[in-house]
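> build me a model:
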Amino acid sequence: MPVRELSAEDALAYRQLSAGAFGGVVDPDDPTSSAPLGAGQTAIGIDSAGLPGGADGVLAAGARIRHDEVALGGGRARCGGIGGLAVHPAHRGEGLFGQLITGVIARCAEERMALSMLYPSNPAIYRRHGYQVVARGQTLVVPLLDLQRLRAVPGRTTVPVTAATMPRLRALYTELTAADNAMLRREGPLFPDGLPGDGWQAMLLVDEDGRDRGYLSWTRRSGDGPGLEVHEVLGRDRTDLQALLHVLGSWSTVTEQVRLRVRTEDPVLDVLPGAGARPAPGPVPLVMMRVIDTAQALSARPAPAGLAGALRLVVEDDTVPAGTCRAAGAYEVVAADGRVDVGTVPAGSPAPQRGEVRLDVHAASLLLVGGRSLSDARRLGLRAEGDADAAALLDALLAGPRPSVLDAF
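Just a heads-up that it's a prediction; the model follows:
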């Protein structure tokens, strides 16, 4: 059966499919159950009717594609965030997952997305279709007694975040994570204006000149275990992070420890005092990404200052049918004057006079997100071969912090 775009008339059937896979109850008589699935997303699916044992009005498989953007070392790229991918129990084992994920990749290509991202419960089934683990979520349990060792920072004031000041926090997030790799750009309609809700709170850090220096966001939980979930601690410099952690230590009057979510190479890790922090118990969330359009992924990021050179990049992809997306191919990559220009090499072109790098799709998906080297890819058993000069140029072009993602969907 073909993969098709779902319409508003399919909303109820998709919600029933999703609830059956991930939990929840959908009341067909509730008008919200048939409401459109939301702006900034494309839903696709496969009908049950026409399949052996199928039924009208039922979806055999479905998924949502978010129209996100992610940071790429000072640039940004369009990224298809995949959520709610499910196959109806009556139709499992019929090859529908492969058809659906191939349809997802093809639709991301049609939407001119450079990358795709998802959070797998079973990485192996996505890896077969070219997705590669690029990041792991990190949450620490931090004793508040450790934070009490930090001194207050003169000239810094914290103020509560309200609906009126929320735009300042969003602007800080965008600015302070711009040089990261893979961090979502939190913009509408997927990230609407206003406070997030569900107990979310935050404070801004302001200096004597009234300039916003950073922020701290959290949710206060009840029950056993760490009662404070700290979502983000972002600051312009080490002093700002110290000021925010000092304020966080004031919760010691009501709880002994906090859960602190951090990026892969988060500067806050170097400011935490003491050795009491430990990884939070439970599974470690994985982030998988896939290159959809190699040329877009390369040209989306600026070239590092002073970097100049050229190479031919060849990407091989046998995980999806040819033509599904724009990952595979040969590309001429030129870095100069802070830009990366990428051209497609026609089939049958002569061997390049400049250096060449060859990657399989998994190595390309790992490396083009940034923050990893060809030697990293080889250590993972991925194909990443090239002339020494070309490999060094590509490594320099894609340098930066290792990918991190602080959002989930």
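> low-scoring stretches of the stretch 151-300 of the chain, by residue?
Filtered on pLDDT under 70, the stretch 151-300 of the chain yields the residue ranges 223-226.
> so where do the helices sit in it?
166-176, 238-248, 294-299 (DSSP state H, counting those that start in this stretch).
> mind giving me the packing neighbours of the last one?
Applying 3 or more CB pairs under 8 Å, 6 or more residues apart in numbering; DSSP states H and E, we find helix 294-299 packed against strand 75-87, strand 309-316, strand 329-336, strand 339-344. For the C-beta atoms, the positions are set from N, CA and C on the backbone; glycine is no exception.
> most tightly surrounded among the helices of the stretch 151-300 of the chain?
helix 294-299 (a mean of 24; mean count of other CB atoms under 10 Å).
> ok, longest helix in the protein?
helix 96-110 (DSSP state H).
> tell me the angle that one makes with strand 75-87.
The directions of helix 96-110 and strand 75-87 differ by 150 degrees, with axes from the mean of the first three to the mean of the last three CA atoms, to 10 degrees as the criterion.
> using PDB, list the CA coordinates for the next helix or strand after helix 96-110.
Later in the chain than helix 96-110, the nearest helix or strand by DSSP states H and E is strand 115-118. Extracted C-alpha coordinates of strand 115-118, given in PDB (Å, rounded to 0.1, in the frame of the first residue of the first chain):
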ATOM      1  CA  LEU A 115      18.600  16.300   8.100                       C
ATOM      2  CA  SER A 116      16.200  14.100  10.000                       C
ATOM      3  CA  MET A 117      16.200  13.400  13.800                       C
ATOM      4  CA  LEU A 118      14.400  10.900  16.000                       C
END
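> ok, and for strand 115-118, which residues are buried?
Neighbour-count burial for strand 115-118, with 16 or more other CB atoms under 10 Å as criterion, is recorded at L115, S116, M117, L118.
> can you tell me which two in these are farthest apart?
L115 and L118 (10.8 Å; CB to CB).
> intersection of neighbour lists for those two?
M289 (CB atoms under 8 Å, 6 or more residues apart in numbering).
> what's P279 in contact with, if anything?
P279 sits in contact with Q138, T139, L140, V141, where contact means CB under 8 Å, 6+ apart.
> can you put those in TSV and add pLDDT and distance to G50?
As requested, the contacts of P279 are exported to TSV (pLDDT from 0 to 100; distance: CB to CB, whole Å):
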residue	pLDDT	distance to G50
Q138	95	45
T139	96	45
L140	96	50
V141	96	51
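> pick out whichever of those residues sits closest to G53.
T139 (42.9 Å).
> is the closest one in a helix, a strand, or coil?
In three-state terms, and counting by DSSP: H, G, I helix; E, B strand; the rest coil, T139 is strand.
> renumber starting at 65 from here on
Okay, residue one is now 65; in that scheme the one you just asked about reads as T203.
> I'd guessed it sits against D330; true?
No - using CB atoms under 8 Å, T203 is not in contact with D330; the gap is 11.3 Å.
> show me which of the two is the more surrounded one.
When T203 and D330 are compared for neighbours, D330 comes out ahead with 22 against 19, by other CB atoms under 10 Å.
> distance of the more buried one from S363?
28 Å (CB to CB, to the nearest Å).
> G114 is in contact with D120, correct?
No - contact criterion CB under 8 Å: D120 and G114 do not qualify, at 9.5 Å.
> contacting residues around A391?
G194, R354, V355, I356, D357, T358, V379, D381, V425, A428 are the contacts of A391 under CB under 8 Å, 6+ apart.
> of the residues you listed, which is the most crowded?
R354 (33 neighbours).
> tell me how far it lies from E158.
R354 is 24 Å from E158, by CB to CB.
> next: A113.
Distance from A113 to E158, by CB to CB: 14 Å.
> neighbour count winner among those two?
Shown here are A113 and E158; by other CB under 10 Å, E158 has more neighbours (18 against 12).
> and the more buried one, what element?
Applying DSSP H and E, one finds E158 in no helix or strand.
> I'd guessed it sits against L115; true?
Yes - look at E158 against L115 with CB under 8 Å: they come within range, at 7.0 Å.
> angles on the backbone of the closest residue to G258 other than its chain neighbours, please.
The shortest distance from G258 to any non-neighbouring residue, by CB to CB, 6 or more residues apart in numbering, is to A227 (5.7 Å). Phi and psi for A227, reported as degrees, to the nearest 10, are phi -60, psi -30.
> now render the buried residues of strand 179-182 as a markdown table, adding pLDDT.
A markdown table is the format used below for the buried residues of strand 179-182 (pLDDT from 0 to 100):
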| residue | pLDDT |
| --- | --- |
| L179 | 98 |
| S180 | 98 |
| M181 | 98 |
| L182 | 97 |
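> list just the nearest of those residues to P368.
L179 (20.2 Å).
> for stretch 448-455, give the mean pLDDT please.
Averaging pLDDT along stretch 448-455 gives 96.
> hmm, who's touching it?
Residues from elsewhere that reach stretch 448-455 (CB under 8 Å, 6+ apart): 373, 375-376, 418-424, 427, 431, 438-439, 441-442, 458.
> can you rerun that using 6 Å?
L375, G419, E420, V421, R422, L423, A427, L438, A441, R442 (CB atoms under 6 Å, 6 or more residues apart in numbering).
> and the second one, how far is that from A452?
I take that to be G419. Counting by CB to CB - G419 and A452 are separated by 8 Å.
> if we can go back for a sec, tell me the least confident of the contacts of stretch 448-455?
G419 (93).
> ok, now how distant is the closest residue in space to it that isn't next to it in sequence from R403?
Spatial nearest neighbour of G419, excluding adjacent residues (CB to CB, 6+ apart): A454 at 2.8 Å. The gap separating A454 from R403 is 18 Å, by CB to CB.
> try L444
30 Å.
> before we move on, back to that, and of the helices of the stretch 215-364 of the chain, who's closest to P95?
helix 230-240 (29.7 Å).
> what comes into contact with that closest one?
V225, L259, A266, D276, Y279, L298.
> just want the angle from that helix to helix 302-312.
Using the same axes, to 10 degrees: helix 230-240 against helix 302-312 is 130 degrees.
> now could you export just the CA positions of helix 230-240 as CSV?
Output of helix 230-240 as CSV, limited to C-alpha atoms (Å, rounded to 0.1, in the frame of the first residue of the first chain):
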residue,chain,number,x,y,z
MET,A,230,9.8,35.2,28.0
PRO,A,231,10.9,36.6,24.7
ARG,A,232,14.2,37.7,26.4
LEU,A,233,14.8,34.1,27.5
ARG,A,234,14.1,32.7,24.0
ALA,A,235,16.5,35.3,22.5
LEU,A,236,19.2,34.2,25.0
TYR,A,237,18.6,30.5,24.2
THR,A,238,19.0,31.2,20.5
GLU,A,239,22.1,33.3,21.0
LEU,A,240,23.9,31.1,23.5
